[in-house]
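# After the sequence you'll find the predicted model.
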Amino acid sequence: MIKNYFKATLRNLWKNKAYSSINILGLAIGMASFLVILLYLNHELSYDRWNPELERVYKVSERGEDDIFETTRAPLAALLRDNASQVTSATSIMAGGSFEVPLSVADKQFYQDNTLSADSLFFRVFPYAFIQGDAFTALNRPNAMVISDRVATKLFGDENPMGKTVRVFNGFDCEVTGVLKTPDRPSHMDVDLVYRAPYEKSNFHWANQSFQTYIKTKETLPVADIERVVDELYYNHRVKESEGLTYQAFRDEGHQAGLFVDAVPDLHNFPKHGDSNITTVSILLVLAALLLLAGAINFSNLSIAASIRRAKEVGVKKVLGSSRARLFWQFMGETAFQCFIALGLSMLLLSVMLPYFNREFGVKLDFLQTGSTISLLWQFLLSLLVITLLSGMYPAIFLSRYNTSKVLKGDYSRGTKGMALRNALIVVQFVVAAFFIFGTVVVSQQLHYMQNQDTGFSGEQVLRIQPYMQKSRDDGFGAIRNTLLQIPGVQSVAKTTTVPGDVFVDTSTVAFKHRGEAYRLTSVKVSADYFNTLGIDLLEGRLFNNGQADQHTRTAIVNETAARRLGLQQTGDAYITFPYCDSIPVQVIGVVRDFNVLGFEQHVQPAVYTIGNEACMFQSGGAILVKLSGGDLRKPVTAIEEAWKIIEPGFAIRHTFLDDNFQQLFANHLRLQRIVNFFGIAAIAIALMGLFALTAFLVNQRTKEISIRKVLGAGIADLGLLLGKDFMRLIAIAVLIAVPLGWWAASEWLKGFAYRIPLTGWQFVTAALGVLVVAALTVGIHTFKATRANIADSLRDE
């Protein structure tokens, strides 16, 4: 029986090659798109799942009354470890992230990212597996270093790295005491190298707020419970004395300052503060599901429309004894077979799409991912089952319920129910297609707006140089500036602790005082030429110069947002003070135009710009900016590279152009634009393929009617209106439904941008007209062919 069903299925597919191909191709495109996003979702949800012990690891962060601090104080880990009974271990680290640390082995130099300095307890908190060495003792020595297996190969090749010496920053030596195995799943904090810093003890004081703190508990606890414990402990030890309140009274008064906790497995996708990629992944998953739905609807619609071809087959089989249930499962089996073919084709498409997707999103997706293959296989099979049911359930019911006596007499009519469902499916399919088109228009316009909007500064031909030595950023900057200004093509040189376009920018604020009131503002250290180097406009007052007051933090320049917050009417008579430094007034000498540092997702922060570190608050880091002039930049850049060999001997120069960096802030949105464009094209293609095939089928059913009307004098326009009006009415209804849905979705997406385009009716009208025109052309092709057919051939026989 099954063999006969299989033969009948193959015969039916071969007999209707065109319709079957459209069905399977539409499904395959939808399934391939859904599967690649499903792989991506699995990848994102696998962060920090590489060891069960990570469920007991938490990151502890600090917040002020009005903002979140990016780092915590150095002794915090020790405080929590020694006083919280639930905490078994805690560690303080300084993570380098993408910053490339210079390493030297013998006479060879390397640059390595994903490094961090940590205390001796790092591997008691993070359960990394070791290939060589002991995790519990590897960092006990004050000059210890642990490297990953891939770094061991990079630095030492096939040699045994244990006991070897690695020089860091050309300043101190570390001994390799362990080699860890790189986890097979992603982590919020990639670790390739961990070392003990020589200045660890001197940095261990409460005024040093430059560390990240992680704790490990005895058992897995709810985040709220452990947060309450560490927050109350910190308050009682560090805040209570100055506030004079109990912890509960402090919270009851509405104070926000204190500690908060994130479970490490939730940090990547669901952090309490900071960016998360889960929103983008969720959007892509919904879009992919809609595309898959469009393919399923296309399949179901064509099957219902073409059911008349199978009517006599159903009637004959019922006469020969086939039950309704057996016919139902036969047609479901045919659908499942086609879906299985579509799945195979989608896997081929997936192999083509994955390299592009991996390159765009910077991931390494693979169906054969270690540790998740079985789970992915089940997800794929479940997807196949769902799509089979969605695609084949109603057509199978529809076909199996044909009345035997009627169909054998030539009456294939099923009333209006089948037509109503077919029309509803057409509407839903084009709602999805129009929704994608609206999304494509809005995303493209927002990206165009961001890329062409005035940022408030000019990053063109501004070279960003990353110094490795603190001296280069502080006391030695004057000499560096003079050296670089002697190079032909160098127009100006400046430094700043906050560089526009950097991916990681410290957004924390400090409580400046003005007229007895505290104002939370960002503090940025710059040099005198900073504003001229970036072409930032002065609105009031003057810029910095080389005078004593300017160079020694006795004057400040603020941006427009800060001036409004401070309520400044004019500069010169306004003074501010740094926190805990009321005795040293800083005169506000100028107001500059607001300029965008963080991209367009966030509003411009109120900022105070000063020179030097002589007002009770030390700041370092950042970069040196070099403004170049002329058309050929290769010569000055080459000259700067040569000069840098003398400025920082032993360190290769690391430089980029500022405008390129700022464009990188749009990278995620550009990727989303490309994916939405692809989905939009695929959705409209599936919809049009289905409409094309459905129109061809229905026009073919009305060939004799068309011929008779032509004999009676109907013209091409009359026949086109007759055949196309029902389709165009359905598509118009779909567009009307899609407009409010698209408007809502666009509004929600645009809420993520502080600076965004306004939504106007023309955006949706233009997209709607585009959908209608393309659909009209699709229907018109078959209508025109039908009206050009030979009347005699159509009416020759019954």
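Sure, I can see it.
# looking at the protein, which helix or strand is least sure?
helix 404-408 (a mean of 52; mean pLDDT, DSSP states H and E).
# right, and the helix or strand after that helix?
Toward the C-terminus, helix 404-408 is succeeded by helix 417-452 as the next helix or strand (DSSP states H and E).
# Excluding chain neighbours, give the residue nearest to the residue most central in space within the chain in space.
By C-alpha atoms, centre = their mean, the chain has its centre lying nearest to Asn277, at 4.3 Å. Distances taken as C-beta to C-beta, 6 or more residues apart in numbering put Glu44 closest to Asn277, at 6.1 Å, once the chain neighbours are dropped. Heads up, the C-betas are built off the backbone N, CA and C, glycines and all.
# just Phe764 next, same as before
Nearest residue to Phe764 in three dimensions, chain neighbours excluded: Val739, at 5.2 Å (C-beta to C-beta, 6+ apart).
# counting contacts, what elements does the helix or strand that neighbour falls within pack onto?
Secondary structure from DSSP H and E places Val739 in helix 716-750. Counting by 3 or more C-beta pairs under 8 Å, 6 or more residues apart in numbering; DSSP states H and E, the packing neighbours recorded for helix 716-750 are helix 417-452, helix 667-701, helix 703-711, helix 761-787.
# Make a markdown table from those helices and add distance to Ala257, mean pLDDT and mean neighbour count to it.
Shown next, in a markdown table, are the helices and strands packed on helix 716-750 (distance: least, C-beta to C-beta, whole Å; pLDDT from 0 to 100; neighbours: other C-beta atoms under 10 Å):
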| stretch | distance to Ala257 | mean pLDDT | mean neighbour count |
| --- | --- | --- | --- |
| helix 417-452 | 34 | 79 | 20 |
| helix 667-701 | 32 | 74 | 20 |
| helix 703-711 | 79 | 70 | 16 |
| helix 761-787 | 44 | 77 | 17 |
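# relative orientation of the helix holding Val739 and helix 667-701 in degrees?
160 degrees (axes from the mean of the first three to the mean of the last three C-alpha atoms, to 10 degrees).
# List the buried residues of helix 716-750.
719-720, 723-724, 727, 730-735, 737-739, 742-743, 745-746, 749 (16 or more other C-beta atoms under 10 Å).
# residues near Asn208, how many?
By other C-beta atoms under 10 Å, 15 other residues sit near Asn208.
# ok, the residue nearest to it when sequence neighbours are not counted - contacts?
Using C-beta to C-beta, 6+ apart and skipping the chain neighbours, the partner closest in space to Asn208 is Ala74 (4.4 Å). Residues in contact with Ala74, defined by C-beta atoms under 8 Å, 6 or more residues apart in numbering, are Ser92, Asn203, Phe204, His205, Trp206, Asn208, Gln209, Ser210, Phe211.
# so which of the residues you listed comes closest to Asp149?
Asp149 lies nearest to Ser92 out of the contacts of Ala74, by C-beta to C-beta, at 25.5 Å.
# mind checking pLDDT for that closest one?
The confidence metric pLDDT takes the value 94 at Ser92.
# now swap in Leu665 and tell me
76.
# How much space separates the residue nearest to the centre of the chain from Asn668?
8 Å (C-beta to C-beta, to the nearest Å).
# can you check Ile22 too?
35 Å.
# same question, Gly30
Taken as C-beta to C-beta, the span from Gly30 to Asn668 is 25 Å.
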